[in-house]
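**Q** Need a 3D model of the sequence below.
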Amino acid sequence: MICQENTIHYGSWAFVVGGLLYLLRQMTTHTPYGRYVDTKSPGIMVPASAGWFIQEFPSFLVPVLLFLTTESLPGIGRHLLLWTFCLHYFQRTFVYSLLTKGRPSPLHIVVSAVIFCCVNGFLQGHYMLHCTQYHTEWHRDTRFITGVLMFFSGMAINIHSDYILRNLRKPGEVSYKIPRGGMFELVSGANFFGEIIEWCGYAVASWSFPAFSFALFTICSIGPRAYHHHSTFALDLPFCAHRTLHRLLQEPCAKMDTSKRTTGNPKPVLPKPALVSHLLLVSIHQKWPKEGTVVNWRQGHGRPRLIDARGERRLARVVRSNRRATVAQTAQEVNAGSDRKV
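**A** As a prediction, the model looks like this:
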């Protein structure tokens, strides 16, 4: 099969531009699937298991069909990379979809995902089989080895994190719980973090523009979702410190003991990070209060404060000067909420 260079080139650029636009959209709204779906909204809803199977299957099927029905270029490296890509979607299609306990998804979300997976499956499969030119020892190249190690490390994190999330609730429980164990002790969105590591590793191993564009699209699509999840922790759970979070690499909020609290339960507004923070894979490490402890209170201008003086100084260092107005507004809202409840 002849390499469709223009299709690969423009399709990859479409992923880059589309990913950045999707990132901007998610700065102001949630994509309505998973915890953010409104099950009472009008329209057709697809059960979680069926939805995940239908939308992930094309990314596995299309490369396999290309491999079986077309003549590919020779080389061990390209075939190893192709089956590495297919392995992820085999697990998502035939394992994850059968085990998931998520909410149903709107039909239009499932259809959009099917279209994306068909296009992405063709781009990655066609480029790997018919376009890229690897030397015969590519599977021994440092980039290949590093990328494959990243891929399987991310895949292990992703699978283990999904296992933890599936077992958060006992049968009959409906209350939300903070995930504990594994990478959730270090990052809030461990499942998202693992998948990002996967596709960044795949991009390094293949050293190709289509793989890079897909990795960037993944960061832009599920990175903000991890941030929104952590924002939900801070807004929904009492006494979660309202510190700015640089996307993924932060420890989750701990459940706090509020037995000694005498005022109401103000819900602080979490400051939003700058746009670039969504694209970074680094952050400032901060320890959340240990589970079962009480947040220190201090009297400031006659009003109770949610965080102590040291925590307030740490917050100011994190958000820097361009966010101090937001921090001051947040503190005022917390104090105002406390006054109303006293």
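
**Q** Does Phe15 lie in a helix or a strand, and which?
**A** Assigned by DSSP states H and E, Phe15 belongs to helix 5-26.

**Q** how about the strands in the stretch 51-200 of the chain?
**A** For the stretch 51-200 of the chain, strands defined by DSSP state E, counting those that start in this stretch occupy the ranges 105-106.

**Q** Quick check: the closest residue to Gly181 other than its chain neighbours vs Ile44, distance?
**A** In space, and not counting its chain neighbours, Gly181 is closest to Ile164: 5.5 Å by CB to CB, 6 or more residues apart in numbering. For glycine as for every other residue, the C-beta is placed from the backbone atoms N, C-alpha and C. Applying CB to CB, to the nearest Å, the value for Ile164 to Ile44 is 31 Å.

**Q** Just want to know which of the two has more residues nearby.
**A** Of the pair Ile164 and Ile44, Ile164 is the one with more neighbours under other CB atoms under 10 Å, namely 16 against 10.

**Q** that older thread, list the buried ones in the helix holding Phe15?
**A** By 16 or more other CB atoms under 10 Å, the buried positions in helix 5-26 come out as 8, 11-12, 15-16, 18-19, 23, 26.

**Q** so can I have TSV of these showing distance to Gln91?
**A** Below are the buried residues of helix 5-26 laid out as TSV (distance: CB to CB, whole Å):
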residue	distance to Gln91
Ile8	26
Gly11	25
Ser12	25
Phe15	22
Val16	26
Gly18	25
Gly19	23
Leu23	26
Gln26	25
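
**Q** pLDDT-wise, what's the bottom of those?
**A** The lowest pLDDT within those belongs to Gln26, with 78.

**Q** Surely that residue and Ile219 touch.
**A** No - applying CB atoms under 8 Å as the test, Gln26 and Ile219 come out as separate, 11.6 Å apart.

**Q** what ranges do the helices span in the stretch 51-200 of the chain?
**A** Assigned by DSSP state H, counting those that start in this stretch, the stretch 51-200 of the chain shows helices spanning 76-91, 97-99, 107-126, 142-166, 190-206.

**Q** now the longest one: mean pLDDT?
**A** Which is helix 142-166. 95.

**Q** For it, buried residues please.
**A** 144, 147-148, 150-151, 154-155, 157-158, 160-162, 164-165.

**Q** could you say what helices and strands that helix packs with?
**A** helix 76-91, helix 190-206 (3 or more CB pairs under 8 Å, 6 or more residues apart in numbering; DSSP states H and E).

**Q** And the shortest one, by the same measure?
**A** Under the contact definition 3+ CB pairs under 8 Å, 6+ apart, helix 97-99 sits against helix 48-69.

**Q** Where does pLDDT dip in the stretch 1-150 of the chain?
**A** 30-42 (pLDDT under 70).

**Q** check contacts around the closest residue in space to Gly125 that isn't next to it in sequence.
**A** Spatially, and ignoring its direct neighbours in sequence, Gly125 is nearest to Pro63 (3.2 Å; CB to CB, 6+ apart). For Pro63, the contact set (CB atoms under 8 Å, 6 or more residues apart in numbering) comprises 82, 85-86, 121, 124-125, 128-129.

**Q** In CSV: the residues you listed, plus distance to Phe214.
**A** Formatted as CSV, these follow (distance: CB to CB, whole Å):
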residue, distance to Phe214
Leu82, 14
Phe85, 9
Cys86, 14
Gly121, 10
Gln124, 7
Gly125, 12
Met128, 12
Leu129, 16
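
**Q** Relative to Ala211, which of these is nearest.
**A** Proximity of these to Ala211 (CB to CB) peaks at Gln124, which lies at 6.8 Å.

**Q** The closest one against Phe209, yeah?
**A** No - counting by CB under 8 Å, Gln124 does not reach Phe209; the two are 11.2 Å apart.

**Q** Please identify which of the two sits among more neighbours.
**A** Set Gln124 next to Phe209 and count neighbours by other CB under 10 Å: Gln124 wins out with 27 against 19.

**Q** Enumerate every residue touching the more buried one.
**A** Contacts of Gln124 (CB under 8 Å, 6+ apart): 63, 82, 85, 210-211, 214.

**Q** Between all of those, which two are separated the most?
**A** Pairwise across the contacts of Gln124, and taking CB to CB, the largest span is found between Leu82 and Phe214, at 13.8 Å.

**Q** give the contact list for the closest residue to Val119 other than its chain neighbours.
**A** Excluding the flanking residues, the one nearest Val119 by CB to CB, 6+ apart is Gly11, at 6.5 Å. Contact analysis of Gly11 by CB under 8 Å, 6+ apart lists 119, 123, 210.
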